[in-house]
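[1] What follows is a predicted structure for the sequence shown.
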Amino acid sequence: MTKPPIRVLCVEDHAFLVDGLRARFEMEADISCVGHLKSAERLVSVAQELRPDIVLMDIEMPGPDPFETVVDLMRTLPSSRVVFLSAYIRDHYINAAVDAGAFGYLSKSDETDEIIESIRTVARRGVFVLSSKVKARCTPTKGHKQGQPSPLASKLDSLTPREHEVLRMIGRGMKRTEIAKTLCRSVKTIDGHREKIMSKLDIHDRGELVRFAIREGLAEA
Amino acid sequence: MHDGPSHPDRSSNPGGPVHKANSPAEGVAGEHAPDVSVDECADAHTELLRRMVENLSSGAVFVEGDQLYMNAVAEEITGYRSDELATMDEWFCVLFGNRHETIRNQYESHRQRGFDTRFAAVIERKDGQERRIEFTGSRWNSHEIWFLHDETELAQTARALRESELRLQAIVDTAVEGIITVDQSGIVISFNRAAAHIFGYTPDQVLGQNISMLMPPPYRHEYSNSVKQYLRTGQSKGIGDGMEVIAQRKDGTTFPIELAISEIDHLQIFVGFLRDISERKEAEAHLMQAQRLSAIGTLAAGLGHDMNNILLPVRARLDLIDHAGLPDAVQEHFVEIRKSVKYLQNLADGLHLLVMDSGDSGVFDESTSLNDWWEQVHSLLGRALPKRVRFTASIPTDLPKVRVAPHQLTQAVLNMLVNSGKAVAPDDGRVELWASVDENNQHVCLGVTDNGIGMTDEVRHRAIEPFFTTQSRGIGTGLGLSLVHRVVQAAGGKIEIKSEVGQGTTIILRFPIAKQQTRNEPSQSTGNPPLAVISVQDRRLGSIVENLLSIAGFDAEYAAESAGAEAIDHAALWIIDAKDQDPDRVRQRLAQGCTVIVLGTLPTAWGELDVHVIENPNDFVKLRSAIEQVANEVSP
């Protein structure tokens, strides 16, 4: 008996990228793109409706924090498995993805065949995948004291998902009023987040905070 | 005043002698002023004197017989009104207290000498304060006038002035800023300690000299012209404002200073406040450089990100076209398009490596295969050289991996190539990137050799200093070899610079061979990497561990305990969850030398076991760190 095709929901702000992937999926008999969202904003409700097997999701997108949204999705729809597909291969993203409950982390520079195969592996076998390029970059952190996470990973991991989101918006050059508006919070709340982020990251200057966010690739291009 | 017999002109000679009634002048006066008596005339003089005294701006006491009158200033000095000290007795007794007799004797003595001397005495004012007053007496016909000078105030003022001068001098001497005073000709009048420190001169070497000795030639004329213009017009650039100029030390070296000149009102003396801003200027230059590099990095990150977003769908559609089948006529073009896209993809990957923080050695800081790395970055790095420069790269395929992160290697080599590109002649430039294992088989040498202008010994020695540069602009300027040095140092390697002026330069980076090499790949000695078996119920968790072990260089295999029994027997590392595991089996494997990691809490029933326990495997950072730690211990 033939298995039903793997239902993929793409969450990606670049429509042409999704169009290309959708076309590529059409080459595969067992993979079907069932929907596309430009941000993670409506992910939980749309996923509940479409019931995808795989949510193929970008990280650097406008809107809510993708990791936080994945946590919500895992709570409401554990049968859907999230695979991140990002242009960035960064430790703290990988850590956040695993902690959120994702089943994979792929790079946009991966071969298309590997992306297809990874989707298939996650959907059919329920295992966690890192693509070869991600693995190649994600080598052991031997430079650190054994048993301790890297200082950078440790610092960034100490941020809450909301703080992470605020930091990314800061890195994008958004003003505090803009961040407040986007997140539907008061400016005072955003100021509070910013102060906590600076304290956790041991950063004492707002300019330095922006540079940190940019340097760590938290700023969306 | 008339010489001959004439009537006395009272208006023009109010201070003249008051004539007696029987004097020769009396008749004359009487002829012209028969209605004015001698007493009236004297009264008029007295009144006139009173008025004069009244209007004096200094303290004065007018004495007539035993009566006295104080003007307003004297009233202020003593604190009494005139009518309160109307007689001489009152005056002496009240103002001098129990010393009044002594003072009165002094006064009489002066009086007898015709008041041609002065004396000083302390008075007690009405408010109880004591004041030292200098008395100067003067006789005016039958009247006396004493002039009172409050010496207390003078002395206080003089002392305050002296103290103020001392304070000012102390401030000037301890000021961090150099303070120099010059006259209108530019002659140095004062030169404080800070100025001496800044310029390297002692004050005596500068005082009396022209200020121009502290400036290099072009600025000497500028200053001189500024002062001249100011003296002529009252306005000039630099006087009254702050400005940055170049100054010259005693040893002839020049340096930037911030100078503010102001004029001391009406004295045509100019005070210059200055500070050495060499360090600030250097820091500003460094900051600008860092900001420029940061901007380039941000741009590169954005570009790499966007390229990936575009290249992925392009590759996906190329797959489709390929899958659909192409006529032979266009197949060749299709292959070329694939190559170009691959080239662009390498470029995008290279940009990502480029933008990562070169100082961040903690994230991806392990082994790099130079061949794989070069495959990824050659498109990008080749661009670092001018078009007509002949560039060759020879990286043997059998090189062991080196202990440096690929992004750091990319940044280091990019800087070396940029430097070489600038050093070689545009038409005849040759640059070679090469690699080899050193004679001790401990390091891989990665070198860049060019036939450029070479370096002098001084430049060669300073080449790795941060921000040292012989160039004025360009990517990586000033941070180039410093960054390269930092990368090599962080990797535990060394940098070597060989150069000869006119012949060219070779820069060699010696990277330690990665230890992981021996287990990450089929090695010559053991043949296979160590086997790790994962027997964990949670499939997702098990596969995460599998990935981590694979990254750590193990041949990782997922196996349920029954199906993978054979594999477990051969595993160097066995990862289990405590659930459904037989402790005897664990003890057996431990006895056989296998390392065991338990995910979750160790059941108390198992007793003492020499296993590694990761209590909260769902915390990925801790899981990853613990796995790596154990993997390091297990690795040969």
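    Perfect, thanks for sending it. Remember, it's a predicted structure, so these values are computed and weren't measured experimentally. Numbers count the residues shown, from 1 in each chain, chains lettered A, B, ... in the order given.

[2] contacting residues for whatever residue of the stretch 1-150 of chain B ends up closest to chain A?
    In the stretch 1-150 of chain B, no residue comes nearer to chain A than B:Q129, which is 57.5 Å away by Cβ to the nearest Cβ. All C-beta atoms are positioned from the backbone trio N, CA, C, and that covers glycine. By Cβ atoms under 8 Å, 6 or more residues apart in numbering or on different chains, the contact list for B:Q129 reads B:G79.

[3] how many neighbours does A:V134 have?
    Neighbours of A:V134 under the rule other Cβ atoms under 10 Å in any protein chain shown: 24.

[4] how about residue 97, what does it touch?
    Went with chain A since none was named. A:A97 touches A:59, A:67, A:70, A:82, A:84, A:105, counting by Cβ under 8 Å, 6+ apart.

[5] Not quite, go with chain B.
    B:E124.

[6] Kindly provide the distance from it to B:R81.
    Distance, B:G97 to B:R81, using Cβ to Cβ, to the nearest Å: 19 Å.

[7] where does B:P522 land on pLDDT?
    Looking at B:P522, its pLDDT reads 38.

[8] give me the residue from chain A nearest chain B.
    A:G20 (2.3 Å).

[9] Does B:T449 belong to a helix, a strand or coil?
    The three-state assignment at B:T449 reads strand, by DSSP: H, G, I helix; E, B strand; the rest coil.

[10] Assess the claim that B:L602 and B:H612 are in contact.
    No. Using Cβ atoms under 8 Å, B:L602 makes no contact with B:H612, being 10.0 Å away.

[11] can you map out the strands along the stretch 301-450 of chain B?
    B:367-368, B:390-394, B:402-403, B:430-437, B:443-450 (DSSP state E, counting those that start in this stretch).

[12] Not counting sequence-adjacent ones, nearest residue to the residue of chain A closest to chain B?
    Among residues not flanking A:G20 along the chain, B:P313 sits closest, at 2.3 Å (Cβ to Cβ, 6 or more residues apart in numbering or on different chains).

[13] For A:T112, see how far away the one you found is.
    For B:P313, the distance to A:T112 - Cβ to Cβ - is 10 Å.

[14] contacting residues for the nearest residue to B:G79 once chain neighbours are set aside?
    Once flanking residues are discounted, B:G79 sits nearest to B:K126: 3.4 Å by Cβ to Cβ, 6+ apart. By Cβ under 8 Å, 6+ apart, the residues touching B:K126 are B:78-80, B:84.

[15] Dump those to JSON lines, plus secondary structure.
    Output for these, formatted as JSON lines (three-state DSSP):
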{"residue": "B:T78", "secondary structure": "helix"}
{"residue": "B:G79", "secondary structure": "coil"}
{"residue": "B:Y80", "secondary structure": "coil"}
{"residue": "B:E84", "secondary structure": "helix"}
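
[16] Which of the residues you listed are buried, as a ChimeraX select command?
    Command for ChimeraX that selects the buried part of those, burial taken from 16 or more other Cβ atoms under 10 Å in any protein chain shown:
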select /B:78,79,80
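
[17] which one of the contacts of B:K126 is nearest B:G502?
    B:G79 (93.7 Å; Cβ to Cβ).

[18] Would you confirm that the closest one contacts B:I123?
    No. B:G79 lies out of contact with B:I123 (Cβ under 8 Å); the separation is 9.2 Å.

[19] so who does B:Q205 touch?
    By Cβ under 8 Å, 6+ apart, the neighbours of B:Q205 are B:K250.

[20] what do you get for the one 3 residues further on?
    With contacts taken as Cβ under 8 Å, 6+ apart, B:G208 has the following neighbours: B:187-188.

[21] where does it land in three-state SS?
    Classified using three-state DSSP, B:G208 is coil.

[22] next one: B:P617
    Going by three-state DSSP: B:P617 is coil.

[23] Give me the nearest residue to it, chain neighbours excluded.
    Nearest one to B:P617, counting by Cβ to Cβ, 6+ apart, is B:L599 at 4.2 Å.

[24] how many neighbours does residue 201 have?
    I went with chain A, as the question did not name one. Residues near A:L201, counting by other Cβ under 10 Å, number 20.

[25] my bad, the chain I had in mind was chain B
    19.

[26] contacting residues around it?
    B:Y201 touches B:191, B:214, B:250, counting by Cβ under 8 Å, 6+ apart.

[27] and it, what are its phi and psi?
    Main-chain torsions, B:Y201, degrees, to the nearest 10: phi -100, psi 150.

[28] With the one 4 residues further on instead?
    Torsion angles at B:Q205 (phi, psi; degrees, to the nearest 10) stand at phi -80, psi -10.

[29] Could you do B:E500 as well?
    phi -140, psi 130.

[30] can you check A:S86 too?
    According to degrees, to the nearest 10, A:S86 has phi -130, psi 160.

[31] Check the gap between it and A:Y93 for me.
    6 Å.

[32] Which helix or strand contains the closest residue to chain A within the stretch 501-636 of chain B?
    Across the stretch 501-636 of chain B, the shortest distance to chain A (Cβ to the nearest Cβ) belongs to B:S543, at 3.5 Å. Applying DSSP states H and E as the criterion places B:S543 in helix B:539-551.

[33] before we move on, what about B:H100?
    Secondary structure assignment for B:H100, by DSSP H and E: helix B:100-112.

[34] Please apply the same query to B:H149.
    B:H149 belongs to strand B:143-150 when assigned by DSSP H and E.

[35] And the pLDDT for the residue most central in space within chain A?
    When chain A is reduced to its mean C-alpha position, the closest residue under Cα atoms, centre = their mean turns out to be A:I59, at 3.4 Å. A:I59 carries a pLDDT score of 92 in this model.

[36] Correct me if wrong: it contacts A:V82.
    No. Between A:I59 and A:V82 there is no contact under Cβ under 8 Å: 11.1 Å.

[37] Distance check, B:K126 against B:R81.
    9 Å.

[38] and what of A:P52?
    107 Å.

[39] Looking at these two, which is more packed in?
    A:P52 (25 against 12).

[40] what secondary structure does the more buried one sit in?
    Classified using three-state DSSP, A:P52 is coil.

[41] what do you get for the one 10 residues further on?
    In three-state terms, and counting by three-state DSSP, A:P62 is coil.

[42] out of the strands of the stretch 301-450 of chain B, nearest to chain A?
    The closest of these to chain A is strand B:367-368. By Cβ to the nearest Cβ, the value is 6.8 Å.

[43] The closest one close to chain A?
    Yes. Using Cβ under 8 Å from any Cβ of the partner chain, strand B:367-368 comes into contact with chain A via B:S367.

[44] quick one: A:T189 from A:S199, how far?
    Where A:S199 is concerned, A:T189 sits at a distance of 16 Å (Cβ to Cβ).

[45] more crowded one of these two?
    Using other Cβ under 10 Å as the criterion, A:T189 and A:S199 rank with A:T189 on top: 16 against 11.

[46] Lovely, talk soon.
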